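1. Sequence below, structure please.
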Amino acid sequence: MNALLPHLARPLWLLLLPLLGWLLWRLWHRRQRLGRWQQILPAAFQPWLLVGGRGRRSRLPWLLLGLAWLLAILVLVGPGWQRLEQPPQQRSDPLVAILDLTPAMLAGDLPPNRLEAARRKLLDLLDARGNAPTAIVVYAGSAHVLVPLSDDPLTAHNLLGALSPELMPLPGRRADLAVQRAVQLLDQGANGRGRLLLLTGSLSASEQAGIRAALQGRQLPLAVLGVGTPAGAPVPRAGGGFLRDADGAILLPRLQAEALAASAAESGGAYRPLGLDDGDLDALGLLRPAAVQRSTGAPRTLERWADQGHWLLLPLLLLAACAARRGWLFAFALLLVVPPPAMAFELADLWWRADQQGRRLLAAGQPEQAAQRFVDPQWRGIAHYQAGDYAAAARAFAAGHDAAAHYNRGNALAMGGELEEALKAYDQALQRDPQLHVARDNRARVEQRLQQQREQAARAAAAPPAERSDAADTEQRPPDTPASSAQAEAPRPATPQPPRPPAASAVEHSAGDSPPSAPAEAQRARDEPAPPPPRPARAPDERQQALEHWLRQIPDDPAELLRRKFWNELQQQQESPR
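-> This next block holds a predicted model:
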């Protein structure tokens with residue numbers, strides 16, 4: 001019995017076997033009591049007074065009933081004769097990376113500069129951690145969450161490339177505020193457990209005191225990566241020259257290794273200078289695999305027996321069908337003991353939320369499937385937008401009431417050909433955020449296109465009948481490109497970051513891409529030969545493609561969106577009561 005127990009998924013159902021034997025004995029004993037009339041009545045009267053006549057009843061029905069019950073019990077037990085191997089579940093290993101975003105990170109002692117070296121190190125760390133939950137906090141004079149605690153590294157990859165010290169709304173150095181914000185993220189998303197990683201080149205005495213107070217009484221080790229060199233390097237300015245202090249001397253930020261090592265040791269962490277390979281991350285313990293390992297260090301796989309009890313349902317259904325032909329309708333009650341299907345949801349629902357599944361489908365180039373998975377209307381609108389369903393995208397963006405949602409809705413309406421409604425959406429976005437320059441630029445382009453359509457319609461109405469069909473044909477084309485020009489890449493709304501999704505945008509027009517004016521177009525029409533005989537108007541889908549070709553120029557600037565996000569967060573922090 002001990003040898004069989006590992007092969008049974010639910011061995012406790014075997015306790016029903018004695019009950020099965022008792023029920024069969026009771027049924028057989030009841031039949032024997034009914035058969036005593038054959039011993040009392042004369043044989044001549046038995047065919048007329050007893051049901052079933054003189055013949056002895058067969059034991060086969062009782063054997064089949066017992067067999068059916070036995071099969072039902074075996075289905076519940078879940079026997080298995082096939083061994084499956086599966087990797088063990090990875091343990092949760094939350095990590096919050098804190099990145100210094102002060103102007104000192106532009107020093108060139110680590111080529112090309114400190115910020116780029118730290119960015120590459122974070123990208124290597126994200127790739128090495130895989131789906132382990134990771135968050136990123138940036139700081140200067142204030143601290144802000146760049147990426148919340150998530151197991152999806154794609155968002156962090158997209159936003160790290162847009163970071164620069166110019167995004168921070170408040171100058172200064174407040175690493176202690178960043179550590180406090182990181183602790184709050186771990187409290188909210190990991191029950192206060194996890195690790196911290198600080199990437200900076202220096203810490204002041206007040207910052208060290210603030211970090212010590214933020215980590216007091218908590219089991220949160222702070223690992224520190226020193227970014228820079230002891231020799232240091234000047235910090236270049238955007239307009240030329242180098243940053244200077246109040247006395248006019250050139251600032252030369254240096255790596256303060258001793259202060260960083262002391263701050264890491266106080267919290268139980270370690271310090272390493274940032275290197276070119278992964279040795280620094282490995283020394284800090286950030287590259288250790290999260291999977292359960294054997295003593296030899298090789299990953300251990302878990303073994304289990306596959307439940308094969310469902311195959312026993314086939315003979316059980318056959319017995320139930322035979323019993324129904326004999327009138328044993330109660331045999332259908334055996335179907336009630338069969339366990340229901342265990343797959344109440346897809347396997348992906350066990351590991352990822354619906355929005356996370358949608359983001360993965362969107363990154364894999366499947367926007368139609370992603371739109372069906374998203375719960376967040378802004379994410380769903382982006383999926384519809386990339387799938388080319390602009391009407392559905394506009395309806396999804398309409399669920400939001402901030403400037404970014406109205407801006408995205410305006411883009412979707414413009415791509416769908418509803419230019420007047422797009423202008424209204426842009427106006428609502430600018431009313432909520434007058435500093436949203438991309439909305440003002442797109443509104444100007446859409447308004448210009450709408451004005452050109454009206455002028456072309458007026459000229460076509462005033463033209464002779466022979467020229468009307470050619471004017472209608474010209475209207476199908478976008479005014480900025482000839483019919484043989486190459487198709488431009490379609491714009492996409494930028495990925496929204498909760499709680500305030502950013503707006504979609506596209507690259508700026510070059511001077512040569514701007515639509516020509518109406519007089520220039522008229523002069524060109526006079527210089528060209530006479531139009532050919534009238535041709536049938538183009539199909540509506542061709543007109544839609546021409547309009548899309550003209551509208552596929554919407555600026556995409558995640559840095560501007562991050563700047564607005566950080567500024568709004570700072571205002572909310574200053575207005576909230578302390």
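
2. Can you name the next helix or strand after the helix or strand hosting residue 120?
-> Assessed by DSSP states H and E, residue 120 sits inside helix 114-129. Going down the chain from helix 114-129, the next helix or strand is strand 134-139, by DSSP H and E.

3. Within its sheet, name the partner strands of that next one and how each one runs.
-> As defined by DSSP bridges, the strand partners of strand 134-139 come to strand 95-100 (parallel), strand 143-150 (antiparallel).

4. most packed of those?
-> strand 95-100 (a mean of 25; mean count of other C-beta atoms under 10 Å). (Each C-beta comes from the backbone N, C-alpha and C, glycine too.)

5. So which residues make contact with that one?
-> Strand 95-100 is touched from outside by 118, 122, 125, 129, 132-140, 146, 149, 163, 173, 175, 178-179, 182, 185-186, 194-201, 227, 286, with contacts defined as C-beta atoms under 8 Å, 6 or more residues apart in numbering.

6. what is the rounded mean pLDDT of it?
-> Strand 95-100 comes out with an average pLDDT of 97.

7. by how many degrees do that strand and helix 114-129 diverge?
-> 170 degrees (axes from the mean of the first three to the mean of the last three C-alpha atoms, to 10 degrees).

8. Any stretches of the stretch 151-300 of the chain with poor pLDDT?
-> The stretch 151-300 of the chain contains residues with pLDDT under 70 at 288-300.

9. repeat that for 50
-> 289-299 (pLDDT under 50).

10. Mind naming the longest helix for the chain?
-> Taking DSSP state H as the criterion, the chain has its longest helix at helix 437-462.

11. Mind giving me the packing neighbours of that one?
-> In terms of contacts (3 or more C-beta pairs under 8 Å, 6 or more residues apart in numbering; DSSP states H and E), helix 437-462 is packed against helix 403-415, helix 419-432, helix 465-475, helix 518-527, helix 540-551.

12. who does the second one touch, helix- and strand-wise?
-> Taking 3+ C-beta pairs under 8 Å, 6+ apart as contact, the helices and strands that helix 419-432 lies on are helix 403-415, helix 437-462.

13. so which of the ones you listed comes closest to residue 111?
-> helix 437-462 (33.2 Å; C-beta to C-beta).

14. model confidence over that closest one, on average?
-> 86.

15. So which residues of the stretch 1-150 of the chain form helices?
-> Assigned by DSSP state H, counting those that start in this stretch, the helices in the stretch 1-150 of the chain fall at 16-34, 37-40, 46-49, 60-77, 114-129.

16. Mind giving me the packing neighbours of the last one?
-> Using 3+ C-beta pairs under 8 Å, 6+ apart as the contact test, the elements touching helix 114-129 are strand 95-100, strand 134-139, helix 154-160, strand 195-200, helix 279-283.

17. For the shortest one, list the C-alpha coordinates in PDB.
-> Translated: helix 279-283. Taking only C-alpha atoms (Å, rounded to 0.1, in the frame of the first residue of the first chain), the coordinates of helix 279-283 have been written out as PDB:
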ATOM      1  CA  GLY A 279      31.200  41.200 -11.100                       C
ATOM      2  CA  ASP A 280      29.900  44.100  -9.000                       C
ATOM      3  CA  LEU A 281      26.300  42.900  -9.200                       C
ATOM      4  CA  ASP A 282      27.400  39.400  -8.300                       C
ATOM      5  CA  ALA A 283      29.400  40.600  -5.400                       C
END
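
18. Which residues does that helix contact?
-> With C-beta under 8 Å, 6+ apart, helix 279-283 has contacts from 121, 124-125, 128, 225, 270, 272-274, 287.

19. Select from the helices and strands packed on helix 437-462 the stretch with the lowest mean pLDDT.
-> Across the helices and strands packed on helix 437-462, the lowest-scoring stretch is helix 518-527, with a mean of 36.
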